[in-house]
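> no FASTA, just this:
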């Protein structure tokens, strides 16, 4: 099993969006990246997927450490009329459906022994929450976790004050 990482997760979602037939744009973890894309000449095509959270934690007994990565992304529509509440509810509903297609793909890749995500997806960790970013931007944020074995082994080349390992 290959370990995930901050950049590998970013590249995975960037590639996922590039192959998705209904999500039109991607933004990485940084809020300023999203703001720059929104302010650009072309803007950010709707709907888009934006990563916004990555957290690494460690769990498990002394000899079997597991890395748990908490990841969050949003699926957003940024072109919803400000005065049309029904369209705003519909945008949230559509974003929820799109987020489920993304999670379905994560689950699919989780079952592929050759894939980075093989056997890492913790389906029970999924949370989908409606979100309103502005009076024209509506969608959902999705939180979930991935798990990998994580070796915590000292490498002598990293340390000036350790001569040998027992």
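Good, I have the coordinates. These figures come from a predicted structure and were not determined experimentally.
> remind me, longest helix of the protein?
Longest helix in the chain, counting residues (DSSP state H): helix 85-110.
> after that helix, which helix or strand is next? Please name it.
Toward the C-terminus, helix 85-110 is succeeded by strand 121-132 as the next helix or strand (DSSP states H and E).
> buried ones in that next one?
121, 126, 128 (16 or more other C-beta atoms under 10 Å). Backbone N, C-alpha and C define where each C-beta goes, glycine included.
> name the residues of the helix or strand following that strand that are buried.
Once strand 121-132 ends, the next helix or strand along the chain (criterion: DSSP H and E) is strand 138-149. Going by neighbour count (16+ other C-beta under 10 Å), the buried part of strand 138-149 is 138-148.
> make JSON lines from those and add pLDDT and distance to residue 104 to it.
As requested, the buried residues of strand 138-149 are exported to JSON lines (pLDDT from 0 to 100; distance: C-beta to C-beta, whole Å):
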{"residue": "138", "pLDDT": "96", "distance to residue 104": "22"}
{"residue": "139", "pLDDT": "97", "distance to residue 104": "17"}
{"residue": "140", "pLDDT": "98", "distance to residue 104": "15"}
{"residue": "141", "pLDDT": "97", "distance to residue 104": "17"}
{"residue": "142", "pLDDT": "98", "distance to residue 104": "12"}
{"residue": "143", "pLDDT": "98", "distance to residue 104": "16"}
{"residue": "144", "pLDDT": "97", "distance to residue 104": "12"}
{"residue": "145", "pLDDT": "96", "distance to residue 104": "17"}
{"residue": "146", "pLDDT": "95", "distance to residue 104": "16"}
{"residue": "147", "pLDDT": "94", "distance to residue 104": "19"}
{"residue": "148", "pLDDT": "86", "distance to residue 104": "21"}
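> just those residues now: which is nearest residue 94?
When these are compared for distance to residue 94 (C-beta to C-beta), residue 139 wins out at 8.3 Å.
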